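Participant: Give me a model of this one.
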Amino acid sequence: FYTHDSQPFGNVLSLGWPVGDQRVLLLDEQGEPAGVSGEVVIESRYVTGGRLYTGDLARWLPDGSLAWIGRRDDQIKLGGIRIEPGEIEAVLRTHPAVDAAGVVLHVEAASEPMLVAYLSLRKGAEPPTPVELRAHLKPLLPDALLPARHVILDSLPRLANGKLDRRALAARP
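Facilitator: The predicted structure follows:
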């Protein structure tokens, strides 16, 4: 696989370099070479068809390593575990104060990657404290899926089609 010991590189997290006889390509939406950034595709003689499409988006760093940008789908990876944020969001919405929820992975060079939950509240509801929210989530989610922190917003950012704008959330502190 293309990852190995992740290293900080400025404000991004380097995924590392291809290993062995593997070749890594970054492809655009049409499956053409994307140049600087695109979907990570691994070429290897050990993969049926020769290519493994990862769903990960990355860009090349000046040292020739890859920096992870995000996912083509909503799936995220934390500590080797593939996570569907929608599953966590559904559980967050079961809290009586929560109207809408969005979960993103924050990756900062100075700290460990962490799940952050963004919440908007039902009209007139008091914001849950971190302890209250964790107590609500703990019996419903494995520890690895518990957000490290939560942020209350007036409303969650949406795309023109009404879907949650995860990029806008990921750009927030």
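Participant: quick one, helices of the protein?
Facilitator: Using DSSP state H, the helices found in the chain span residues 85-92, 130-137, 166-170.
Participant: Now stretch 29-45: average pLDDT?
Facilitator: Confidence over stretch 29-45 (mean pLDDT, whole number) is 82.
Participant: Check what contacts that stretch and list those residues.
Facilitator: If you take Cβ atoms under 8 Å, 6 or more residues apart in numbering as the criterion, stretch 29-45 is touched by 1-2, 18, 20-28, 50-60, 66, 69, 72. All C-beta spots, glycine's among them, are computed from the backbone N, C-alpha and C.
Participant: From the residues you listed, keep the buried residues only.
Facilitator: With neighbours counted by 16 or more other Cβ atoms under 10 Å, the contacts of stretch 29-45 contain buried members at 2, 18, 22, 24-26, 52, 54, 56-60, 66, 69.
Participant: need the contact list for the residue of the chain positioned farthest from its centre.
Facilitator: Ranked by distance from the centre of the chain (Cα atoms, centre = their mean), the top residue is G124, with 31.0 Å. Contact criterion Cβ under 8 Å, 6+ apart gives no residues in contact with G124.
Participant: on that earlier part again, looking at the buried ones among the contacts of stretch 29-45, which is nearest I88?
Facilitator: Looking at these and their distance to I88, the nearest is D56, at 19.6 Å (Cβ to Cβ).
Participant: any weak-confidence spans in the chain?
Facilitator: 1-13, 47-48, 109-110, 173 (pLDDT under 70).
Participant: What ranges does it have for its strands?
Facilitator: Counting by DSSP state E, the chain forms strands over residues 7-9, 12-16, 23-27, 37-43, 51-60, 66-71, 76-78, 81-83, 98-106, 114-121, 149-152, given from the N-terminal end onward.
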